[in-house]
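Engineer: sharing a sequence plus its predicted fold:
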Amino acid sequence: MSKPVILVIEDEEKLRRVLELQLMGAGYQVLKAGTAEEALSSAGDADLILTDVLLPGMTGIDFIRQIRGQELHTPVIVMTAVGTVENAVEAMKAGANDFLPKPFSFDHLQTVVEKALEVRALRDENRQLKEALGHKYQVGNMIGRSPAMQEIFSTVLRVAPTRATVLLCGESGVGKDMIARAIHQNSPRRDRPFVKINCTSIPENLMESELFGYEKGAFTGASISKPGKFEQADTGTVFLDEIGDVPASVQVKLLRILQEREFERLGSNKTRQIDVRVVAATNVDLRAALEEGTFREDLYYRLNVMPIDVPPLRERKEDIPALAEFFVRKLAKEMGSPAETIGDDAMQKLVGYHWPGNVRELQNVVERSLVLATNPVIHANDVKLDVSPNRAKALAPGDGFLPEGVSLEEHEQSLIREALKRANGNKSQAARLLGLTRNALRYRLSQMGLE
């Protein structure tokens, strides 16, 4: 590290020379000036300024006022003769950080200098930390100026170095995947595997073998032994996306992983030890699933060690401009679009939209706008939004509170039947249309006698 630079402003040549020798002997670099006017040109190069108050021409106090007016925040220590304390007070009001009454010992000088440099270092570190927290790449490729997102960034940085299990809750498209990756990238496991498991995309009858692996001969077609996702992630991080869709039989094994750090492959009696950090995510209310009996209470509390609730984009609209500009910069070159920025009219249109698909939908709209744009600036007519009715209105058979003559149970069953019809019988897709987990839908179907 380079030595701190101290600028000494003193009109008495002998004292200036003594200060120079003493400070250099203590390991500092020294710049000298006999007048405040002479010192102005080198003030920006110093880590600390030591100035007399009474100087020929511009006084030390006027010098402080001038550099503070130029937004130069270098710490300043003023030297003043005994009996002129009012000068020291005036200097402090002008922006000085400390003062030394003349005559002073070298030990006193060194103590005051060290203190001022330590305070400067702490202020610089605090500023850098604040900048790092607000910079998207410090917590993964995430952007957010809203208080809610800044709080999430802060939580990610605090929880990442630990091995605590994290449960991410929020609507589809809010960026739970990105937050999970940010936790991994800011953890000691950053150089180890990150394995994402989408619980919705794995058929129920294959989930156990996919997660925990299987031995040769465990079932028809198992011609070789195969490790599961958890073994692939050993010493790293497992991201369980849509954890609410895990069937009860697999929930028991997940609980064992979290509690005992051990499991068995399908078709094996050999217990295997594993070291994984688990991050889970859901877009449904798991507490409702607890009440319905479709999700284990003990597993919920094991997962919910460190909950992070990610708000939808419509509740943090101050993030939209920065996100939209980021997507323009990221996608424009890839797509060969002439667009370089978003005009005020287009931005107003984006901020005014309700974003049911959250950040994922915003990226899609920006990508569409880049295709349509013919100028360096994206305008409102280039922005095509999805103005179709939301899911709830699309599924509801009427506009009233309840259709006349229909009970709540009958109305619920009609919605479920309609969702299954639209999903061509696919229960996972129907569950997503209804905002339920797959297990919650299965429970309702069994109550209807349709399982």
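Structural biologist: Thanks, I have the structure now. Quick caveat: nothing in here was measured; it's all calculated off a predicted structure.

Engineer: point out where the stretch 101-250 of the chain drops to low pLDDT.
Structural biologist: 125-141 (pLDDT under 70).

Engineer: can you give me the helices in it?
Structural biologist: Secondary structure of the stretch 101-250 of the chain, counting by DSSP state H, counting those that start in this stretch: helices at 106-134, 147-159, 176-185, 204-212, 229-232, 248-260.

Engineer: deepest of those, which one?
Structural biologist: Sort the helices of the stretch 101-250 of the chain by mean neighbour count, taking mean count of other Cβ atoms under 10 Å, and helix 176-185 sits at the top with a mean of 22. C-betas here are computed from N, CA, C, even on glycine.

Engineer: which elements pack onto that one?
Structural biologist: Applying 3 or more Cβ pairs under 8 Å, 6 or more residues apart in numbering; DSSP states H and E, one finds that helix 176-185 contacts helix 147-159, strand 166-169, strand 194-198, strand 237-241, strand 277-282.

Engineer: just want the angle from it to strand 277-282.
Structural biologist: Calculated by axes from the mean of the first three to the mean of the last three Cα atoms, to 10 degrees, helix 176-185 forms an angle of 170 degrees with strand 277-282.

Engineer: what does helix 176-185 contact?
Structural biologist: 139-142, 152, 156, 159-160, 166, 168, 170, 190, 194, 196, 236-237, 239, 241, 277, 279, 281, 283, 308, 310 (Cβ atoms under 8 Å, 6 or more residues apart in numbering).

Engineer: surely residue 372 is in contact with residue 384?
Structural biologist: Yes - taking contacts as Cβ atoms under 8 Å, residue 372 lies within contact range of residue 384: 7.0 Å.

Engineer: those two: which has the busier surroundings?
Structural biologist: The neighbour count for residue 372 versus residue 384, taken as other Cβ atoms under 10 Å, is higher for residue 372 (14 against 11).

Engineer: coming back round to it: how about JSON lines for the helices and strands packed on helix 176-185, with distance to residue 292 added?
Structural biologist: Formatted as JSON lines, the helices and strands packed on helix 176-185 follow (distance: least, Cβ to Cβ, whole Å):
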{"stretch": "helix 147-159", "distance to residue 292": "29"}
{"stretch": "strand 166-169", "distance to residue 292": "17"}
{"stretch": "strand 194-198", "distance to residue 292": "22"}
{"stretch": "strand 237-241", "distance to residue 292": "20"}
{"stretch": "strand 277-282", "distance to residue 292": "14"}
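
Engineer: which of these sits closest to residue 120?
Structural biologist: With respect to residue 120, and counting by Cβ to Cβ, the nearest of these is helix 147-159 at 24.3 Å.

Engineer: show me what that closest one packs onto, helices and strands only.
Structural biologist: Helix 147-159 packs on helix 106-134, helix 176-185, strand 306-309, going by 3+ Cβ pairs under 8 Å, 6+ apart.

Engineer: present these as TSV; the columns should include distance to residue 99.
Structural biologist: Below are the helices and strands packed on helix 147-159 laid out as TSV (distance: least, Cβ to Cβ, whole Å):
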stretch	distance to residue 99
helix 106-134	8
helix 176-185	46
strand 306-309	48
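
Engineer: appreciated, that's everything.
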